[in-house]
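1. sequence-free structure coming up:
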């Protein structure tokens, strides 16, 4: 964690230096305090079930968003930009335009149908009104 903090501090000071807000970079010469260790912990099935149940109780919009993040493994910003015309509910495929992807390449994201819920968990993705003339949410 301390390595990440130092990295962020260096970014902030570089930003300020490049804009003439500082005369010198105060973090120059600082070395990372330790070796970072990769984490290999994953959530257990019981933990995932508990999270899913909690998110189901939360409902729309945040509970649904967390469920979609788990089902699709996309970044929150990519999910937040989801549009109806990108989703094919019949094939369970969401095509994310390259303009919203970090690598700039369009991506097809498939989600697994989950027991006890529609697929994906809700038909009202984030960023949409929850009511419309059809009563289903709209862009």
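-> Ah, there it is. These numbers were taken from a predicted model, which means no experiment stands behind them.
2. Spell out the residue ranges of the helices in the chain.
-> Using DSSP state H, the helices of the chain run over 2-18, 45-58, 62-72, 76-80.
3. residue contacts, residue 76?
-> Taking CB atoms under 8 Å, 6 or more residues apart in numbering, we find residue 76 in contact with 65, 69. In short, each C-beta sits where N, CA and C put it, glycine included.
4. from now on call the first residue 18
-> Done: numbering now begins at 18, and the last item shifts to residue 93.
5. Just the pLDDT at it, thanks.
-> You'll see residue 93 listed with a pLDDT of 89.
6. From residue 84, how far out is it?
-> From residue 93 across to residue 84, the span is 13 Å (CB to CB, to the nearest Å).
7. Throw the helices of the chain into TSV and include distance to residue 112, thanks.
-> TSV is the format used below for the helices of the chain (distance: least, CB to CB, whole Å):
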stretch	distance to residue 112
helix 19-35	33
helix 62-75	24
helix 79-89	12
helix 93-97	12
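8. Looking at the ones you listed, which one is packed in the most?
-> Per residue and on average, the most neighbours among the helices of the chain fall to helix 79-89, with a mean of 19 (mean count of other CB atoms under 10 Å).
9. Which neighbouring elements make contact with that one?
-> helix 62-75, helix 93-97 (3 or more CB pairs under 8 Å, 6 or more residues apart in numbering; DSSP states H and E).
10. please redo it, this time with the cut-off set to 10 Å
-> Under the contact definition 3 or more CB pairs under 10 Å, 6 or more residues apart in numbering; DSSP states H and E, helix 79-89 sits against helix 62-75, helix 93-97, strand 110-113, strand 124-127.
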